[in-house]
Structure formats: C-alpha cells, structure tokens
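**Q** got a predicted structure plus its sequence, pasted below:
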Amino acid sequence: MSGHSKYANIKHKKEKNDAKKGKIFTVIGREIVVAVKEGGPDPANNSKLRDVIAKAKANNMPNDTIERGIKKAAGDANADNFEKLTYEGYGPNGVAIIVETLTDNKNRTAGNVRSAFTKGNGNIGTPGSVSFMFDKKGQIIIDKEECEMDADDLMMTALDAGAEDFSEEEDSFEVLTSPDDFSAVREALEKEGIPMAEAQVAMIPQTYVTLTDEQDIKNLQKTLDLLDDDDDVTDVWHNWDE
C-alpha cells in the first residue's frame, strides 16, 4: 500500500506484507473472486485474473491456494459479492489520500475508513476531491538485485511492449504504462523472465507533500496503519513524501 514508487517504500511494504501475509492473502482472495465473476475462471481468456494471479505470485501465495480460490469463485454462485468502493480525503497538512476497498458490507467499511481518517486528524472528502492530483498508471517495479538484464535492454523490452515511461532509481527500475496497456506490458516482461517486486494499476501523485511537524507525521502514520490493518482495504495511495 505504497504512496509512490521509491523503492524504500516497496521494501518497507514487503516487510509489512511478510508480517501480514494473512491480510494480503485475504485481499488477493477477494480480488480473485471479483476477477472470476467478471471474466470467468480461465486466465487465458481473462486478463484481469492473470494480473491478480501475478500479484498473488509476487506476494508468494502458493499455487494451490490460488487455484482453490479460482475454483471456489467459479463453482459457488453464493460466493460473497464484493463491491469495489473508493474513498478520498485529506490527512494532516493537506496530504491527499485515496483508499480503495473491496467489501461485502458497505456500512462497516465506510465506518472504519471514516474512523481511520478521524483518529489521524484528517477528514473524508467527496468523490473526486483528491483524485485529480493523481495519474492512474500501470506501474511495475523491478528490484535491481533480482534482475540480471542490463538496464538499456530492460528499457527497450518495456518500451517495445508498449510502456510509456522507464526510470531508474537507486535500487530499482520503474516501468509506467497506460492502464489499458498494463496487462500486455506485464506479460511481455514476465515472458522474458524479469522478476517483478510489484505490478499493479496505481495512482501516482503529480506532486508530493513534505511533513515537518512530528505530530502531523504521527497522525498520518496512525491513519495509514489503521487502513493497512483493515481487511476491506486493498490499496492506499497518498502524496506524502516519506
């Protein structure tokens, strides 16, 4: 649930994920249900399901758990109907926050998200109140330590597959695509055996907010931690420059 693409954030996220495998698997399980209900259980004919499977594998979800989830979603007409809901709001000092959820109980989720903002001295806004400050992009993060391909070759492979942008950070590469081209680019990199630390459609901030007040930082961290702990929350995007 990163705010942006700096790899320190991804590593921090990965460590958190390791400590919260159950939560991550719950979220991915729900995403599998939604993808199967929308496009069927065959990944060959369902690009959304292929993307969720790639995400599951990046988070070390066992193959049999993935397959069980797909079978269950395909065979159970009474499987929970999860609804995708997005909340937007502000943390301290105008930090913009977008919260994406998958829920089978709208009232519970709305209450929990509102509470997380309130406890961190923030407030929920109306739909569209902060999303205009973000660009929706396919985002693929590649850990330099795990990638054997030369940076120039990697860039050409990504751009040839339809990527819009390629950038090099201190210990990672970032590939950006349009949301529509994300699946094709991710699959092209996968075919080349390129390991991905992260691959998803993300909300990328156009500008970042720096917090200097210790209390503001504590408050924002409280909101982010509460959202992180909520099983209904799938992603949190923010423009805090950590």
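**A** Received it, and whenever you're ready, just let me know what you need.
**Q** distance of residue 133 relative to residue 161?
**A** Using Cβ to Cβ, to the nearest Å, we find residue 133 at a distance of 28 Å from residue 161. (Glycine included, C-beta is placed from N, CA and C.)
**Q** tell me, how many residues neighbour the residue nearest to residue 206 when sequence neighbours are not counted?
**A** Nearest non-adjacent residue to residue 206, counting by Cβ to Cβ, 6 or more residues apart in numbering: residue 133, 5.6 Å away. For residue 133, the neighbour count with other Cβ atoms under 10 Å is 16.
**Q** so that it lines up with my notes, have the first residue be 426 from now on.
**A** Happy to do that; since the first residue is 426 now, the last one works out to residue 558.
**Q** contacting residues around residue 558?
**A** Contact analysis of residue 558 by Cβ atoms under 8 Å, 6 or more residues apart in numbering lists 521, 630-632, 664.
**Q** at 7 Å what do you get?
**A** Contacts for residue 558 (Cβ atoms under 7 Å, 6 or more residues apart in numbering) come out as 521, 630-631, 664.
**Q** how about the CA coordinates for stretch 583-593, as PDB?
**A** In PDB, the C-alpha atoms belonging to stretch 583-593 read as follows (Å, rounded to 0.1, in the frame of the first residue of the first chain):
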ATOM      1  CA  ALA A 583       9.500  -2.500 -21.800                       C
ATOM      2  CA  LEU A 584       9.100   0.300 -24.400                       C
ATOM      3  CA  ASP A 585       8.800  -2.300 -27.200                       C
ATOM      4  CA  ALA A 586       6.000  -3.900 -25.200                       C
ATOM      5  CA  GLY A 587       4.100  -0.600 -25.000                       C
ATOM      6  CA  ALA A 588       5.300   1.000 -21.800                       C
ATOM      7  CA  GLU A 589       5.000   4.800 -21.700                       C
ATOM      8  CA  ASP A 590       8.000   5.500 -19.400                       C
ATOM      9  CA  PHE A 591      11.000   3.800 -17.900                       C
ATOM     10  CA  SER A 592      13.100   5.200 -15.000                       C
ATOM     11  CA  GLU A 593      16.000   4.100 -12.900                       C
END
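**Q** all strands for this structure, in order.
**A** 508-515, 521-528, 548-549, 559-568, 590-593, 597-602, 623-630, 658-663 (DSSP state E).
**Q** make CSV out of those strands and add mean pLDDT and distance to residue 535.
**A** Putting those into CSV (pLDDT from 0 to 100; distance: least, Cβ to Cβ, whole Å) gives the following:
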stretch, mean pLDDT, distance to residue 535
strand 508-515, 95, 8
strand 521-528, 96, 9
strand 548-549, 96, 9
strand 559-568, 94, 21
strand 590-593, 94, 35
strand 597-602, 95, 32
strand 623-630, 91, 20
strand 658-663, 94, 12
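**Q** okay, angle between the longest helix along the chain and strand 508-515 too, please.
**A** Counting residues, the longest helix in the chain under DSSP state H turns out to be helix 446-464. Here the directions of helix 446-464 and strand 508-515 differ by 120 degrees (axes from the mean of the first three to the mean of the last three Cα atoms, to 10 degrees).
**Q** average model confidence for helix 446-464?
**A** Averaging pLDDT along helix 446-464 yields 89.
**Q** partners of the most centrally placed residue in the chain in the sheet?
**A** Centroid check for the chain by Cα atoms, centre = their mean gives residue 660 as the closest residue, at 5.0 Å. With DSSP bridges as the criterion, residue 660 is bridged to residue 525.
**Q** ok, now how distant is it from residue 534?
**A** Going from residue 660 to residue 534 by Cβ to Cβ gives 14 Å.
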